[in-house]
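# Any chance you can model this:
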Amino acid sequence: MAQRGVAVNATLIVVAQSTQAIAVGAIALFLPLIRTDLGITFGQAGLLSAATTLTYALMQIPSGVLADRFNPKVLFAIGVLGSNVLAMLFSVVPVFGWLLAIQAVSGVFRALMFVPGLLLITRHFSVEKRATAMGLFVAGGFSSNILLNLVGPFLVGPLGWRGLILLSSTLGLAVLAAFWFLGDDAPKPETHHPLAGDSSVWRQPAWWLLGLIQFARLAIVQGFTFWLPAYLVVERGFSLVQAGLVVALSSAITAPANIAGGILSDRLGRPIAVIGVSLGALALLLGLVGHLKDVVLLIVVVAVIALFIQLYFGPLFAVPRQIFGPRVAGLSSGFGNFCANLGGFASALMLGILKDATGSFTLGFVILAVVAAVSLVATITLARVAPRHPQGGSGASHAGGRPPSQSQRLTSS
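Predicted structure coming up:
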């Protein structure tokens, strides 16, 4: 079968990946309605996010190992199918306990979408554009959130939150069919690399520092984006339509920022610098957002947070591939996203519990700022301890015929 090219394959992968984001985003956007419908507390509402995040986290390393050994297209398709079918079940089940169980199982299938999908899209791109590919992969999810937050508040009246999730998941299955019949299998990965052994990576300080940074990344993303609609409606007095517009604006900024961060990293050759600047900005902004009284200033700060919150996604997933090599790309991505989702699980649950205990989201936002600051310190340390060895397979040379060291590749332009 003729290869359809990077553009077609990337589009199919990104759109298929984005389908599960609609159901996840709908739960966050319509959380005030869901709480009223089910009669649950903020802490219980946080469990709806935390349950799927926990199982999603626990499946990251297994899905990464599977992706290194089996066809990532097949694994990705299984993940898309399971995620959308379970979202349909979520839309029709009326009991909180069963909804919690559905969310937990859905995390397993969402994990099969992430690492295999990430490997699938990066293999369709050249080595020099891997961070761009990774940023593009998640941009689709934010793009679908833009659509959801723009039209969702208007459709929720006639359809209800259940009907809206059912409709979006049905469309997701149609997208899956297009991906399966039109998309190509992933090209075979290159295999040579000095640190390609599965066991050696666990002894590298950089491996664990990257895990810590990943923990902080999704703790910030999940804690802030999941609770932002509820914060705007419950604490700031926004209507659901107004909150939806703010979240749509946020997603409209975050989606291209994913891609821009990858392009910036690829062109400058300084992924760690992109990560550090992003975390420094988030530490400052998250410390401020809960204390702002002026609505216009609040929206501006939310917009700037949206710029930095995923700007470093592509660079962060590209760094371990550069350090540890493509043969363990699935394992490194799985481990990184496992750590990330532990952070997401903890923050989604923590902000809900703190809201119940204090009556405000402000303390939770301040804690997220501290997490960003600690991660910034880890990023600075990573730049100093990243393994120094030749970049295998590039064929490039520096003065004297010596290839650039990995540290030079990561920290210098």
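# Test my guess that residue 44 contacts residue 97.
No. With contact taken as C-beta atoms under 8 Å, residue 44 and residue 97 are classed as non-touching, separated by 10.3 Å. For the C-beta atoms, the positions are set from N, CA and C on the backbone; glycine is no exception.
# Quick check on the two: which one has the bigger neighbour count.
Set residue 44 next to residue 97 and count neighbours by other C-beta atoms under 10 Å: residue 44 wins out with 15 against 8.
# The more buried one sits in which helix or strand?
Residue 44 belongs to helix 42-58 when assigned by DSSP states H and E.
# and the next element down the chain from that helix?
Heading C-terminal from helix 42-58, the first helix or strand you meet, by DSSP H and E, is helix 60-69.
# And that following helix, what's buried?
Along helix 60-69, these residues count as buried under the neighbour rule (16 or more other C-beta atoms under 10 Å): 60, 61, 63, 64, 65, 66, 67, 68.
# Looking at those, which one is closest to residue 171?
Top of the list for closeness to residue 171, among the buried residues of helix 60-69 and by C-beta to C-beta, is residue 63 at 24.4 Å.
# returning to what we had before: any chance of the buried residues of helix 60-69 in CSV, with distance to residue 350 and pLDDT too?
As requested, the buried residues of helix 60-69 are exported to CSV (distance: C-beta to C-beta, whole Å; pLDDT from 0 to 100):
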residue, distance to residue 350, pLDDT
60, 20, 84
61, 23, 86
63, 25, 88
64, 26, 83
65, 30, 84
66, 31, 88
67, 30, 84
68, 33, 80
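# Which of these sits closest to residue 294?
If you rank those by distance to residue 294 using C-beta to C-beta, residue 60 comes first, at 40.1 Å.
# Pick out the residue closest to the middle of this protein.
Nearest to the geometric centre of the chain sits residue 138, at 6.3 Å (C-alpha atoms, centre = their mean).
# Report the secondary structure state of the closest residue to that one other than its chain neighbours.
With C-beta to C-beta, 6 or more residues apart in numbering as the criterion, residue 138 has its nearest non-adjacent residue at 5.3 Å, and that residue is residue 258. Secondary structure, DSSP: H, G, I helix; E, B strand; the rest coil: residue 258 is helix.
# How much space separates residue 258 from residue 43?
Separation of residue 258 from residue 43 (C-beta to C-beta, to the nearest Å) stands at 31 Å.
# Check residue 110 too.
Note on residue 110: its distance to residue 43, by C-beta to C-beta, is 23 Å.
# Could you check which of these two is surrounded by more residues?
For residue 110 against residue 43, the residue with the higher neighbour count under other C-beta under 10 Å is residue 110, and the figures read 26 against 17.
# from memory that one sits against residue 79, does it?
Yes. Contact criterion C-beta under 8 Å: residue 110 and residue 79 qualify, at 6.5 Å.
# Regarding this structure, what is its longest helix?
When the chain is parsed with DSSP state H, its longest helix is helix 130-182.
# which one is residue 180 nearest to, not counting chain neighbours?
Closest residue to residue 180 apart from its sequence neighbours, by C-beta to C-beta, 6+ apart: residue 77 at 5.5 Å.
# For residue 176, see how far away that neighbour is.
Distance from residue 77 to residue 176, counting by C-beta to C-beta: 6 Å.
# And for residue 223?
Remark: distance between residue 223 and residue 176 (C-beta to C-beta) = 30 Å.
# These two: who's more crowded?
Taking residue 223 and residue 176 together and counting by other C-beta under 10 Å, residue 223 has the greater number of neighbours (28 against 22).
# in the helix or strand harbouring the more buried one, what counts as buried?
Residue 223 belongs to helix 205-230 when elements are defined using DSSP H and E. Counting neighbours by 16+ other C-beta under 10 Å, one finds that the buried residues in helix 205-230 are 206-230.
# now it and helix 130-182, what's the angle there?
Regarding helix 205-230 and helix 130-182, their directions subtend 70 degrees when assessed with axes from the mean of the first three to the mean of the last three C-alpha atoms, to 10 degrees.
# Now do helix 205-230, average pLDDT.
On average, the pLDDT along helix 205-230 is 91.
# now that helix against helix 60-69, angle please.
120 degrees.
# List the buried residues for stretch 30-43?
30, 31, 32, 34, 35, 40, 42, 43.
# Just list the residues touching the third one, thanks.
So the one you mean is residue 32. Under the criterion of C-beta atoms under 8 Å, 6 or more residues apart in numbering, the contact partners of residue 32 comprise 229, 230, 233, 234, 240.
# My guess is the second one contacts residue 42. True?
Okay, so that is residue 230. Yes. With contacts defined as C-beta under 8 Å, residue 230 counts as touching residue 42 at a distance of 7.4 Å.
# Mutual contacts of these two, please.
residue 355.
# For residue 44, see how far away residue 112 is.
Going from residue 112 to residue 44 by C-beta to C-beta gives 27 Å.
# Actually, residue 101.
Shown here: residue 101 relative to residue 44, a distance of 14 Å by C-beta to C-beta.
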